[in-house]
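Enquirer: How does the following fold in three dimensions:
(2 chains)
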Amino acid sequence: SQTIHQWPATLVQPVGSPLSLECTVEGTSNPNLYWYRQAAGRGLQLLFYSVGIGQISSEVPQNLSASRPQDRQFILSSKKLLLSDSGFYLCAWSVPPETQPQHFGDGTRLSIL
Amino acid sequence: AQKVTQAQTEISVVEKEDVTLDCVYETRDTTYYLFWYKQPPSGELVFLIRRNSFDEQNEISGRYSWNFQKSTSSFNFTITASQVVDSAVYFCALTRGEGNEKLTFGTGTRLTIIP
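Expert: Below is the predicted model:
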């Protein structure tokens, strides 16, 4: 069966520090991968999605970036965090080509001080 | 552009009452999919249902039921005989049906079941 792992579960970082959140999927090949952010009291906002290794699409301009160095690995990064980057970050995957429900990881709660 | 509106920000009901969560969507696509997800306090999103735009039959799964009406662009979710474990934030979402799998989420409805 497929599983998705996301870590760390919680993270407290100072403003201006770098960020690296990692997501890996097991039990499936060539998944579509997604990073979402959920700000406090708000819905989910799609940040990035990837349909293959090295293929990243950005949905919103920001100081975050994403990379997909391996088929089932998706990394969310920042060189310098801003206060506005605080939130709950969720990784998700789905199986192309048909539209499938997206399956989400447990999330990372990021607090910027 | 696609849009999903969940006008109910928060709902509280007493346990065993029925509750309906509203979802209204906007899309210009003729083929699309609608979803409901549950986000319990632990944070992860749990998939509940997917419905395509050509299937307007209502669906029932245990205490959960969904009413899809294209005429009013609504996809409402009803929980019958609510339980405390139903307390969560519920998201309605929409995606195109052409291989583009980007989900457009509503802002969610926080449901609290009072014991």
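Enquirer: quick one, strands of chain B?
Expert: For chain B, applying DSSP state E gives strands covering B:3-5, B:10-14, B:19-21, B:24-26, B:32-39, B:46-52, B:59-61, B:64-69, B:74-79, B:88-96, B:104-105, B:109-114.
Enquirer: would you list these in CSV and tack on distance to chain A and mean pLDDT?
Expert: For every residue, glycine as well, the C-beta is placed using N, CA and C. Output for these, formatted as CSV (distance: least, Cβ to the nearest Cβ, whole Å; pLDDT from 0 to 100):
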stretch, distance to chain A, mean pLDDT
strand B:3-5, 8, 94
strand B:10-14, 10, 97
strand B:19-21, 14, 98
strand B:24-26, 13, 97
strand B:32-39, 5, 93
strand B:46-52, 4, 90
strand B:59-61, 14, 89
strand B:64-69, 14, 95
strand B:74-79, 14, 97
strand B:88-96, 6, 92
strand B:104-105, 4, 88
strand B:109-114, 9, 96
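Enquirer: Next, the buried residues of stretch A:96-109.
Expert: For stretch A:96-109, burial by neighbour count (16 or more other Cβ atoms under 10 Å in any protein chain shown) applies to A:99, A:100, A:101, A:102, A:103, A:104, A:105, A:106, A:107, A:108, A:109.
Enquirer: hang on, the last one packs against residue A:8?
Expert: So that's residue A:109. No - assessed by Cβ atoms under 8 Å, residue A:109 is found out of contact with residue A:8, at 9.1 Å.
Enquirer: ok, residue B:91 - contacts?
Expert: A:43, A:44, B:6, B:36, B:37, B:38, B:39, B:45, B:105, B:106, B:108 (Cβ atoms under 8 Å, 6 or more residues apart in numbering or on different chains).
Enquirer: And the third one, how close does it get to chain A?
Expert: Distance from residue B:6 to chain A, counting by Cβ to the nearest Cβ, to the nearest Å: 8 Å.
Enquirer: List the contacts of that residue.
Expert: B:21, B:22, B:23, B:24, B:90, B:91, B:92, B:106, B:107, B:108, B:109.
Enquirer: Tell me the bridge partners for the nearest residue to the first one once chain neighbours are set aside.
Expert: In space, and not counting its chain neighbours, residue B:21 is closest to residue B:77: 4.5 Å by Cβ to Cβ, 6 or more residues apart in numbering or on different chains. Under the criterion DSSP bridges, residue B:77 forms beta bridges with residue B:21, residue B:66.
Enquirer: Was I right to think residue B:77 contacts residue B:23?
Expert: Yes - counting by Cβ under 8 Å, residue B:77 does reach residue B:23; the two are 6.9 Å apart.
Enquirer: which residues do those two both contact?
Expert: By Cβ under 8 Å, 6+ apart, residue B:77 and residue B:23 have these common neighbours: B:36, B:92.
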